[in-house]
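> no sequence for this one, just the structure:
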């Protein structure tokens, strides 16, 4: 199976999934569950952006939640101090996360594996600690309030769904261009990629910046939805959720993080009544999937659907 | 200046060990040069410096008359210097076709052109039947052929091949040496590192023999292989 | 400027904190040395130790000299199980992997951390609870400084444990085996050392030491599901400063970090005191990945 065809199949499957989601409000207009779906879409964007970095480029960053937080503060601070309208705030959040990602990505270029994980984790913690301790500017753990953009949950649902669709389409276009080839080549063997003429510094930094910008975009959008931004957005546990969703759904596929995000978040809200063991279950699932089914749920689906071919 | 690659006084030290000592030679366009020498004589280190994977301590390297000392591997690749590694380096989680396309696209071929070229190479190297397998699933010999193919996605100015024939099946060796002979006949230049003397004798009109980081002998392969210093080096250095 | 008395007080407090950090960080360094991975669930070993001690000592009313070793054993058993069940694929041929080795290690230990935090949160409860005191003395004078009795007692036990570990690594067969595998896994296996058993041993030791740290500090810092996050981050910093995988390096770096934080909080900024170490970590990984004392490792 060529990479091209694989990617197209994943894109079609993701589009179908998004279409089904788009039809949901016809049957269900419960405010609480619409909110759950909004948060799921937020995580789906985060997980997809992290997957670009970890699944396709092999850069295992532990800072996706920090970039969402940067995006959220970008929007909230510019709204609080300069009164900018939401669309501009969104842009500011996205661009500031993207720029910081560009710089960080360039700096950590040479680091791999545990070294990269430790550096990005430290970065994430520093950003969060600064946000939570710079009380004069950010009001610390109290959080910065924001004027809500609008209040109708159905509208919010469609806003987030469009944002997710936009991000997925962007990723699809990026990955099916030559960039997709180069990123995967870098993930598999950086030295071989360099031998083949791939501009390592450029593509790795670009992947980091794009991924961070997408995370910042999700964070900024979420800030307007929640109308409050706190340092909690950047907690390592949030990154843990993003990693879990991606691993359960299927790392390195376009659809995996989306499936993972909706599945994990929606079921965990569902199971809340059963006593809150959902996080235990999902953490256990992450370990089981990483240990036994490395392609995630999507990989299981593909294996189940694949025609049994005779060995050549 | 008619030389394709010019290596001038290249030296590399690792701590107290001089791995490459003041090496100088020229390669003319279209030449096929064998690089031989006992284990640890500095062949791979020299190749690493030439391909930009390692920076030398002294000396200069010119490609087509332009200085290219210390350039990054990806820059050198785009200037036509392709390197095949001794320990096979491919992209294990990408399929065979995509492995080739990476080289093609990164070196500036258009998508269609790269595909045509890749399919041609797959046929020629007789690995077309596995083109949709992930490269990590191939046999060791098939991986070598694939990496070999990656070097020819865009006709290189100079191909540096480090032990391409080590530990592979004779039929695959035959495929590769036929390929090398055919391209050489069309004017392709190569540097071929190998321990396989019969192959060197058969393929390379000229050879360079290294020992302890120095060039011992450089000239017609038959002369190099019969030079007393070379025989000494291989038999265990009685020259002292 | 600092007065002499304050400086002495800061120094003693910093060094004692550094000792506790050492207990955590040495296990992490051992694991990195032998397996070349960072255990992102290290803080949870600490947390488990804190709970084990609190429950055993408080609920069962067992004396201190039984409860502390029990906490160590509990952490060691957990570490051993984790290595046996989750770390084995790290030694297998990785060519066929969907996930590469480093990524697998990060995901699995990260997942384990989430699992243990949430498991304890559900099974025991999210609230913090206080462990029984180690000693009854509330204040002790240590040289120029006045310290809490708990801290002093914990520091004494920590020193003893660190000395035991040092003797073990230096003189016992298994200690030498650990050092041999850290230096060259393949070479050690060829010399007849069971590298797999060494990996299990190292995980058990690391788990035990972290749990002991948790137990010793539980009278000062109450046990709660996320109590391990903070000491874990400190030990990442230390392992990087000391040179990834170096045991003496980790020990010296622990003391240094303790001092840096204790003086930095007064001299530089109290507000941002927790970021100093993290900034150091990033700077070291970028500019001096071999740590304070180490030599740069050969690549390939």
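Nice, thanks for sending it over. Since the structure is predicted, the reported quantities are computational estimates derived from the model, not experimental observations. Numbers count the residues shown, from 1 in each chain, chains lettered A, B, ... in the order given.

> which SS state does the residue in chain B positioned nearest to chain C fall under?
For chain B, the residue closest to chain C is residue B:136, as judged by C-beta to the nearest C-beta, at 5.4 Å. From N, CA and C alone the C-beta is placed, and that goes for glycine too. Three-state call for residue B:136 (DSSP: H, G, I helix; E, B strand; the rest coil): helix.

> Same check on residue B:190?
State at residue B:190, reduced to three classes by three-state DSSP: strand.

> Ok, residue C:72 next?
helix.

> tell me the strands in the stretch 151-300 of chain A, going along the chain?
For the stretch 151-300 of chain A, strands defined by DSSP state E, counting those that start in this stretch occupy the ranges A:228-229.

> For it, list the residues in contact with chain C, please.
Those residues of the stretch 151-300 of chain A that sit near chain C, judged by C-beta under 8 Å from any C-beta of the partner chain, are A:236-237, A:240, A:243-244, A:247, A:251-252, A:275-277, A:279-280, A:282-284, A:286-287, A:290-291, A:294-295, A:299.

> And the helices in the stretch 101-250 of chain C?
C:101-123, C:149-171, C:173-183, C:185-190, C:195-217, C:229-242, C:247-267 (DSSP state H, counting those that start in this stretch).

> before we move on, what about chain A?
Counting by DSSP state H, chain A has these helices, from start to end: A:3-27, A:31-51, A:64-82, A:86-107, A:113-133, A:135-138, A:153-176, A:178-188, A:190-195, A:200-226, A:236-249, A:256-271, A:278-292, A:296-305.

> Remind me what the third one packs against, helices and strands.
Applying 3 or more C-beta pairs under 8 Å, 6 or more residues apart in numbering or on different chains; DSSP states H and E, we find helix A:64-82 packed against helix A:31-51, helix A:86-107, helix A:113-133, helix A:135-138, strand A:144-145, helix A:200-226, strand A:228-229, helix A:236-249.

> circling back to that earlier point, between the helices of chain A, which gets nearest to residue B:214?
helix A:190-195 (27.1 Å; C-beta to C-beta).

> ok, the closest one near chain B or not?
Yes - for helix A:190-195, a contact with chain B is found by C-beta under 8 Å from any C-beta, at A:191, A:192, A:193, A:194, A:195.

> Going by neighbour count, which residues of that helix are buried?
Neighbour counts over helix A:190-195 (16 or more other C-beta atoms under 10 Å in any protein chain shown) mark A:190, A:192, A:193, A:194, A:195 as buried.

> ok, the last one to residue B:89 distance?
Distance, residue A:195 to residue B:89, by C-beta to C-beta, to the nearest Å: 7 Å.

> cool, the third one as well?
Taking C-beta to C-beta as the measure, residue A:193 falls 9 Å from residue B:89.

> Same check on the first one?
When C-beta to C-beta is the yardstick, residue A:190 and residue B:89 sit 10 Å from each other.

> Common neighbours of those two, please.
Here residue A:190 and residue B:89 have no joint contacts, going by C-beta atoms under 8 Å, 6 or more residues apart in numbering or on different chains.

> Could you point out which of the helices of the stretch 101-250 of chain C sits nearest chain B?
When the helices of the stretch 101-250 of chain C are compared by C-beta to the nearest C-beta, helix C:101-123 sits nearest chain B, at 11.7 Å.

> returning to what we had before: can you flag the weakest of the helices of chain A by average pLDDT?
Least confident of these, judged by mean pLDDT, is helix A:135-138 with a mean of 81.

> List the buried residues of it.
Residues of helix A:135-138 classed as buried: residue A:138 (neighbour count, 16+ other C-beta under 10 Å).

> helices and strands around that helix, which ones?
helix A:64-82.

> Now do the helix it packs on: distance to the chain's middle.
Distance, stretch centre to chain centre, for helix A:64-82: 16 Å (C-alpha atoms, centre = their mean, to the nearest Å).

> got the buried residues for that helix?
Under the neighbour-count criterion of 16+ other C-beta under 10 Å, helix A:64-82 has A:64-80 buried.

> what is the orientation angle of that helix with helix A:31-51?
Counting by axes from the mean of the first three to the mean of the last three C-alpha atoms, to 10 degrees, helix A:64-82 lies at 110 degrees to helix A:31-51.

> quick check: angle from helix A:64-82 to helix A:200-226?
60 degrees.

> What are the boundaries of the strands in chain B?
B:5-14, B:17-27, B:32-36, B:58-63, B:66-67, B:81-84, B:158-162, B:189-193, B:206-211, B:214-220 (DSSP state E).

> which ones are touching residue A:267?
residue A:278.

> Thought residue C:205 was touching residue C:79, still the case?
Yes - the pair residue C:79 / residue C:205 is scored as a contact, 7.3 Å apart, by C-beta atoms under 8 Å.

> Tell me how many other residues surround the closest residue to residue C:188 other than its chain neighbours.
Once flanking residues are discounted, residue C:188 sits nearest to residue C:180: 4.1 Å by C-beta to C-beta, 6 or more residues apart in numbering or on different chains. By other C-beta atoms under 10 Å in any protein chain shown, 18 other residues sit near residue C:180.

> what's the answer for residue A:12, then?
By other C-beta under 10 Å, the residues close to residue A:12 number 12.

> From residue B:134, how far out is it?
For residue A:12 relative to residue B:134 (C-beta to C-beta), the value is 22 Å.

> Same check on residue A:93?
39 Å.

> neighbour count winner among those two?
Between residue A:93 and residue B:134, counting by other C-beta under 10 Å, residue A:93 is the more crowded of the two (33 against 20).

> what sits against that one?
Contacts of residue A:93 (C-beta under 8 Å, 6+ apart): A:70, A:71, A:72, A:73, A:74, A:75, A:78, A:216, A:217, A:219, A:220, A:223.

> which stretches of chain B have low pLDDT?
Low-confidence segments of chain B (pLDDT under 70): B:1, B:236-240.

> domain parsing for it?
Here the domain parsing of chain B from automatic domain parsing is B:1-80+B:156-240, B:91-155.

> Next, work out how far apart residue A:154 and chain C are.
Distance of residue A:154 to chain C, given as C-beta to the nearest C-beta, to the nearest Å: 33 Å.
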